[in-house]
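# quick one, structure for this:
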Amino acid sequence: GGAGSGKGKHVVIMDEVDGLAGNDDRGGTRELISIIAKTRVPIICICNDRSNTKVRSLLNHCLDLPYTRPRKDAIAKRVASI
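Residues are numbered from 1 along each chain as shown. Have a look, this model is predicted:
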């Protein structure tokens with residue numbers, strides 16, 4: 001099944017999980033951890049600040065795949081190959 005058919009595989013993407021803070025998102029990280037523990041649907045959590053305390057609590061429940069910013073010469077080489 002293709003997109004929208006209801007028969008394909010699904011994934012949830014949570015961007016800016018390091019922004020789950022403040023009064024509006026109170027308990028958001030705790031709830032996300034609870035959902036991660038229960039669901040069979042993969043959840044991709046994206047953040048900018050791995051040292052954030054909210055993100056560090058998530059790390060115990062996730063596979064951590066750190067990425068580094070690509071170097072300018074690598075970007076230029078890739079753009080030139082297109």
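# contacts and neighbour counts: CA atoms only from here.
OK.
# buried residues of stretch 71-82, list them for me.
By neighbour count with 16 or more other Cα atoms under 10 Å, stretch 71-82 contains no buried residues.
# which stretches of this structure form helices?
28-38, 53-59, 72-80 (DSSP state H).
# residues in contact with the shortest one: which ones?
Residues from elsewhere that reach helix 53-59 (Cα atoms under 8 Å, 6 or more residues apart in numbering): Val17, Asp18, Leu20, Ala21, Thr29, Ile33, Cys47, Asp49, Arg50.
# surely the second one touches Cys47?
Spelled out, that is Asp18. Yes - at 5.3 Å, Asp18 counts as touching Cys47 under the criterion of Cα atoms under 8 Å.
# looking at the two, which is more packed in?
Comparing Asp18 with Cys47 by other Cα atoms under 10 Å, the one with more neighbours is Asp18, at 20 against 16.
# lowest-pLDDT helix or strand in the protein?
None of the helices or strands of the chain scores lower by mean pLDDT, DSSP states H and E than helix 53-59, at a mean of 85.
# tally of neighbours for Asp49?
Asp49 has 14 neighbours, counted by other Cα under 10 Å.
# enumerate every residue touching the spatially closest residue to it that is not a sequence neighbour.
The shortest distance from Asp49 to any non-neighbouring residue, by Cα to Cα, 6 or more residues apart in numbering, is to Asp18 (6.2 Å). By Cα under 8 Å, 6+ apart, Asp18 lies in contact with Cys47, Asn48, Asp49, Arg50, Asn52, Lys54, Val55.
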